[in-house]
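Novice: Could you look at this predicted model? Sequence included:
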Amino acid sequence: MSTVLEKPLNFSSERRRGERRKHARAAASSATVPREDRQTVGAAVVENPRIRCTDINVHYGSKHAVKNVTLDIGQHEVMAMIGPSGCGKSTFLRCLNRMNDTIDNCRITGDIWLDGLNVNDRAIDVVPLRAKVGMVFQKPNPFPKSIYENIAFGPRIHGLARNKTDLDEIVVNSLQNAGLWQEVKDQLDQLGTSLSGGQQQRLCIARAIAVNPEVILMDEPCSALDPIATAVIENLMSELCAEYSIVIVTHSMQQAARVSHRTAYFHLGDLIEVGTTESVFMNPLHQLTEDYITGRFG
Amino acid sequence: MNKQSNDKHAVAERINAGLARRHAVERLFRCTGLLALLLGLTFLCALFFSIISKGYTAFQQTYIQLEIDFDEQKLDPAGERIYEVLSTADYGGLVKQSLRTAFPAVTSRQEQRLLYDLVSFGAAYHLRDRILADPALIGQISRVWVPASDDVDMLIKGYIKRDVPEAERRLRDVQLAWLDTLETEARLSLQFNTAFFTSGDSREPELAGIWGALMGSILTLAVTLALSFPIGVATAVYLEEFAPRNRWSDLIEVNINNLAAVPSIVFGLLGLAVFINFMSFPRSAPLVGGLVLTLMTLPTIIIASRAALRAVPPSIREAALGVGASKMQTVFFHVLPLALPGMLTGTIIGMAQALGETAPLLMIGMVAFIVDIPSSIFEPATVLPVQIFLWADSPERAFIERTSAAIMVLLGFLIAMNALAVILRKKLERRW
C-alpha cells in the first residue's frame, strides 16, 4: 500500500507545494503536458487487469459524454475516478455493469473485457454481469423491506443458497464484511430504511457483496454521509479490496488520496491522466490534472 | 460606508412598503379558498339534508293487522298439503274476507272495493309465504300484520293531508274512518320496512325493494373488478416499465388519456354493438354491464397505475438491477409492491365511478323493469343508479321517498368504497 494511504495529504500545503513545484519546473523548462493536449498520459494499462476498457465512447443523444477512454482496472485495487462535475466519470463507471442501459438514447461503443467476456456486447446477458460487477450508489437506496430481505434478495434471485441455513450464512457474512453486523444483529427484521444514512450505505455495500461479485462500483458513495460515516466506509473499502476490485467515483480529492491505489482524472469526457495515486497527486504529468488537484479550477 | 448604510435603509424601506400589499394578497387568497370550501360544504349539506329528510321515512312501512281465518276448505280442500295446491290457493280471498268481517257494515260492492284498497295486494303473497313456511297454520285463526297500500302509508306518514277536499285526495272520507277505527284498535302501525332491503322492484311502492338492484350492482362490479384491475395494472406495468419510448407509445398514451374522457354512453353503444349484437351475449345481464364498465374504467385505472409506478423512486429500480435482478424481478419484487397502494386507490375510484354509472347500461338493456333477484351474471338485472332513475320516473307518491332511500344506500356504498381506498392506502403505504 502506498504511503499516500498511511498519511493523508494536507491539501493546503499540497497546493503551496504545487505552486512551488510549478515555478521550479518552469525554471527547469521541464513543463507538464499542455492543456490543449487531451491524450491520456500516465499508466492507463496494467498487467493482468481485472477489467480492460478500450476506446470507450458514450453518447447521450448528440452529447459526447465519454471520449475514447482506454483504462485498466487491476486486481484487488481501489481505482479512484476524479474530475469536475459532468466530466463523464459516473457515465464511464456505469458502463462497467451496463447500468446505462436504463437510459434512453445512450449509445456506448468500445470494448470492456471482463474474464474474457465483452461487457459492451449487446448480446450478453446483463443479469450474470451485474452479479459479477456490483454497484453502490450515491444516495443510499435500501429496499423498503427488512434488513435481512435487503441482503437475501440478491442471493435468492441468483439461487446462491440451497436452503435457509445457507441464506442465513450469506446474510451474516455479508453484514460482517460490511462492518454492520454488530450494529444490526438484533434487528434483522427491521426496515432497512429505518437505519441511519451511514448504516444504510453499508447495508447497500453488504447487499452488493452478498452476491459475491468480483468488482464493486461505487458512485460517490459518501457524498450524502457525514465525516464519521465516511471514515467507516473508507476503512471498509481498504478491507474489501483484499477480495474485490473497487472502482470509486468521488468528488473529494482527499478521499481519493486516502483510499485509492490508482487514480484516473477525467476532464470533459476525456481521460486525462492515470497513475498511482501517489504520482497523480504528488507529481501530475498533465497541466489539467495539476490545475485540478491544486484547486485552480473544478 | 455611509452610502452603503443609506442603501440598506432604502432597501428595508422598499421591502416594508410592499409588505402590507403582499399580506393583503395572501389574506385574499386564503379567504377565497375558505369561501370555496364553505360553498362546497353547503351544497353537500343541502344535498344530504334533502335526500335524508325525504328518504328516511322509506325505512318504515305501515302495516295493518288482520285476523285471518286460514280455512282448510278454501286453502287445501283435499288436505294433501302439496306445494302446487298451497301456492296457488286464493289468499287474496282470505284477506278480503278478513276485511269484511272486520267491517261488517260495509256491504255495497263499491265500498267493499274501497275497503280492499286499504291493504296492499302484496298481503296475499305475504300470507302464502307464511303458509308455505308453516302449513300447520291451516285451520287456525291468527292475527297477521300485512303491508298497507301505498296511499294508506302516505297518509300515516303525513304526505297525504286529511284537510284537503275529498275529491282531491287519494283516500275517501269513508276510508279515513275505517283507518281511524283500525288505529283505535291498535291494528295500524309503522314498522321497520324489511321488504325494502329484501325484495326486488315492484310496480307497487309498498312492495318495491332495492335488493335486486343491489345484487345487480354487486355482480356487475365483480365482473368489472375481475377484468379491469388485472388488465389495467398489466397494461400500466407494460407501458411504464417495458415498452420502448417511441412514437407508438406516445400515440397509445394520447389515446388512453382520450378514452378516459369519452362520454360513457359511447361505451354503452360499443357494448351494444360488440357484446350483444356481434357476440350474442345475453341482454340486460351483469356480464355485459361489467364488460362495458370495464372498458369505461380501464383508462382511469391505467392512468392512476402509471402515475403510481412513476412515483416509485428510480433508485429502487437501480438497486434491484444493480444486484443483477432481471427487469421482471425488479418490477414484481420491488416496484409493484411500492406502487400497489396508488394502483388500488385508482382502481377503487374507478369502481366507485362504475357503481354510479347509468348511461352505458341504458344502451345494453339494464334499464328494464326486473322483479326477480339475479343470482348469476347471466340473468337479467338492473343496478342501483338505474333503479333510482326508474323510481324517480314513477308517478306514485310513495316512490319519492324510496328514490331518496335508494340514493342513501348508493351513497353509503360509495362512502364505504372510498373509505376502503383510504384504509388500503394507509395500510400498504411504505416510506423510503
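Specialist: Perfect, I can see it now.

Novice: how about residue B:105, secondary structure?
Specialist: With DSSP: H, G, I helix; E, B strand; the rest coil as the basis, residue B:105 sits in coil.

Novice: Let me know how buried it is, in neighbour terms.
Specialist: Neighbours of residue B:105 under the rule other C-beta atoms under 10 Å in any protein chain shown: 6. Backbone N, C-alpha and C define where each C-beta goes, glycine included.

Novice: With residue B:259 instead?
Specialist: With other C-beta under 10 Å as criterion, residue B:259 counts 17.

Novice: ditto for residue B:143
Specialist: Around residue B:143 there are 10 other residues, counting by other C-beta under 10 Å.

Novice: Looks like it contacts residue B:64 (just checking).
Specialist: No: if you go by C-beta atoms under 8 Å, residue B:143 and residue B:64 don't touch, sitting 10.7 Å apart.

Novice: Can you give me the neighbour number for the closest residue to residue B:149 other than its chain neighbours?
Specialist: Counting by C-beta to C-beta, 6 or more residues apart in numbering or on different chains, residue B:149 lies nearest to residue B:120, which is 4.9 Å off, once chain neighbours are set aside. Residue B:120 has 28 neighbours, counted by other C-beta under 10 Å.

Novice: How about the contacts made by residue B:120?
Specialist: Contacts for residue B:120 (C-beta atoms under 8 Å, 6 or more residues apart in numbering or on different chains) come out as B:146-150, B:204, B:206-207.

Novice: where does the stretch 301-432 of chain B have low pLDDT?
Specialist: Residues of the stretch 301-432 of chain B that meet the criterion pLDDT under 70 lie in B:430-432.

Novice: what ranges do the helices span in it?
Specialist: Counting by DSSP state H, counting those that start in this stretch, the stretch 301-432 of chain B has helices at residues B:314-322, B:327-329, B:336-355, B:359-363, B:384-392, B:398-428.

Novice: Using JSON lines, lay out these together with mean neighbour count.
Specialist: Putting the helices of the stretch 301-432 of chain B into JSON lines (neighbours: other C-beta atoms under 10 Å in any protein chain shown) gives the following:
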{"stretch": "helix B:314-322", "mean neighbour count": "21"}
{"stretch": "helix B:327-329", "mean neighbour count": "15"}
{"stretch": "helix B:336-355", "mean neighbour count": "21"}
{"stretch": "helix B:359-363", "mean neighbour count": "22"}
{"stretch": "helix B:384-392", "mean neighbour count": "21"}
{"stretch": "helix B:398-428", "mean neighbour count": "17"}
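
Novice: Roughly how far does the closest residue to residue B:55 other than its chain neighbours sit from residue B:44?
Specialist: Closest residue to residue B:55 apart from its sequence neighbours, by C-beta to C-beta, 6+ apart: residue B:404 at 2.8 Å. Separation of residue B:404 from residue B:44 (C-beta to C-beta, to the nearest Å) stands at 16 Å.

Novice: what residues does the stretch 201-350 of chain B put near chain A?
Specialist: Contacts of the stretch 201-350 of chain B with chain A, taken as C-beta under 8 Å from any C-beta of the partner chain, map to B:245, B:313, B:315-326, B:329, B:333-334, B:338.

Novice: Next, the contact list for the residue nearest to residue B:55, please.
Specialist: Contact partners of residue B:404, counting by C-beta under 8 Å, 6+ apart, are B:50-52, B:54-55, B:58.

Novice: In strands, which of the residues you listed appear?
Specialist: In strands, defined here by DSSP state E, there are no members of these.

Novice: Do you have the strands of the stretch 101-250 of chain B handy? List them.
Specialist: With DSSP state E, counting those that start in this stretch as the criterion, the stretch 101-250 of chain B has strands at B:141-147, B:188-192.

Novice: The longest one pairs with which strands, and in what direction?
Specialist: It stands for strand B:141-147. In the sheet containing strand B:141-147, its partner strands are strand B:60-69 (antiparallel), by DSSP bridges.

Novice: Quick check: next helix or strand after the partner strand?
Specialist: helix B:72-75 (DSSP states H and E).

Novice: which other residues reach that following helix?
Specialist: Contacts for helix B:72-75 (C-beta under 8 Å, 6+ apart): B:79, B:85-86, B:89-90, B:93-94, B:131, B:138-139.

Novice: most neighbours, which of those residues?
Specialist: Counting neighbours by other C-beta under 10 Å, residue B:94 leads those with 23 neighbours.

Novice: Identify the residue spatially nearest to that residue, adjacent ones excluded.
Specialist: Of all residues not flanking residue B:94 in the chain, residue B:68 sits nearest, at 5.5 Å (C-beta to C-beta, 6+ apart).

Novice: List the contacts of residue A:83.
Specialist: Residue A:83 neighbours (C-beta under 8 Å, 6+ apart): A:89, A:265-267, A:272, A:292, A:298.

Novice: can you check residue B:237 too?
Specialist: By C-beta under 8 Å, 6+ apart, the contact list for residue B:237 reads B:305, B:309, B:331, B:336.

Novice: Let's have the residues you listed in a markdown table, adding distance to residue B:157.
Specialist: A markdown table is the format used below for these (distance: C-beta to C-beta, whole Å):
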| residue | distance to residue B:157 |
| --- | --- |
| B:305 | 48 |
| B:309 | 54 |
| B:331 | 59 |
| B:336 | 54 |
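
Novice: which one of the residues you listed sits closest to residue B:194?
Specialist: Nearest to residue B:194, judged by C-beta to C-beta, of the contacts of residue B:237 is residue B:305 at 41.7 Å.

Novice: wait, isn't that closest one in contact with residue B:341?
Specialist: No: the pair residue B:305 and residue B:341 fails to qualify as a contact (C-beta under 8 Å) at a distance of 11.1 Å.

Novice: so residue A:111 makes contact with residue A:54?
Specialist: Yes: using C-beta under 8 Å, residue A:111 is in contact with residue A:54, at 5.0 Å.

Novice: if we can go back for a sec, can you list which of the contacts of helix B:72-75 are found in helices?
Specialist: Among the contacts of helix B:72-75, the members falling in helices (DSSP state H) are B:85-86, B:93-94, B:131.
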